[in-house]
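Novice: Okay, structure incoming, though there's no sequence with it:
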């Protein structure tokens, strides 16, 4: 059994007009499809519990900052979301 995700980092682009996440390089990956609702977690063997937690964390972050218009300018609708999964967080 392999544990994946520990000590990894991620960085995504969130478009608040479309409510979609994308990779910083524009390439597709399984997590992006899962986050955007295009695929269920069960459809990809590469997804795991960390991906479910990451999706929940990103959605919570968006929900916290959306009402206060974090950047202050209504023309700003592209946000970079980055994070890491550390063994110390387990």
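Specialist: Perfect, I can see it now. A quick note: this is a predicted structure, and the numbers were derived from the prediction, not measured.
Novice: So, low pLDDT: which residues of the protein?
Specialist: Applying pLDDT under 70 to the chain flags residues 1-6, 40-42, 67-76, 87-90.
Novice: quick one, strands of it?
Specialist: For the chain, strands defined by DSSP state E occupy the ranges 8-15, 20-23, 78-85.
Novice: Output these in JSON lines, with mean neighbour count and distance to residue 33 appended to each entry.
Specialist: C-beta here means a position set from N, CA and C on the backbone, and glycine is covered the same way. Written out in JSON lines, the entries for the strands of the chain read as follows (neighbours: other C-beta atoms under 10 Å; distance: least, C-beta to C-beta, whole Å):
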{"stretch": "strand 8-15", "mean neighbour count": "14", "distance to residue 33": "13"}
{"stretch": "strand 20-23", "mean neighbour count": "17", "distance to residue 33": "10"}
{"stretch": "strand 78-85", "mean neighbour count": "13", "distance to residue 33": "17"}
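Novice: mind putting those strands in JSON lines, distance to residue 55 included?
Specialist: Putting those into JSON lines (distance: least, C-beta to C-beta, whole Å) gives the following:
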{"stretch": "strand 8-15", "distance to residue 55": "11"}
{"stretch": "strand 20-23", "distance to residue 55": "9"}
{"stretch": "strand 78-85", "distance to residue 55": "11"}
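Novice: Quick check: which of these is nearest to residue 56?
Specialist: With distances scored as C-beta to C-beta, the stretch of those nearest to residue 56 is strand 78-85 (12.1 Å).
Novice: for the closest one, packing partners?
Specialist: Applying 3 or more C-beta pairs under 8 Å, 6 or more residues apart in numbering; DSSP states H and E, one finds that strand 78-85 makes contact with strand 8-15, helix 49-65.
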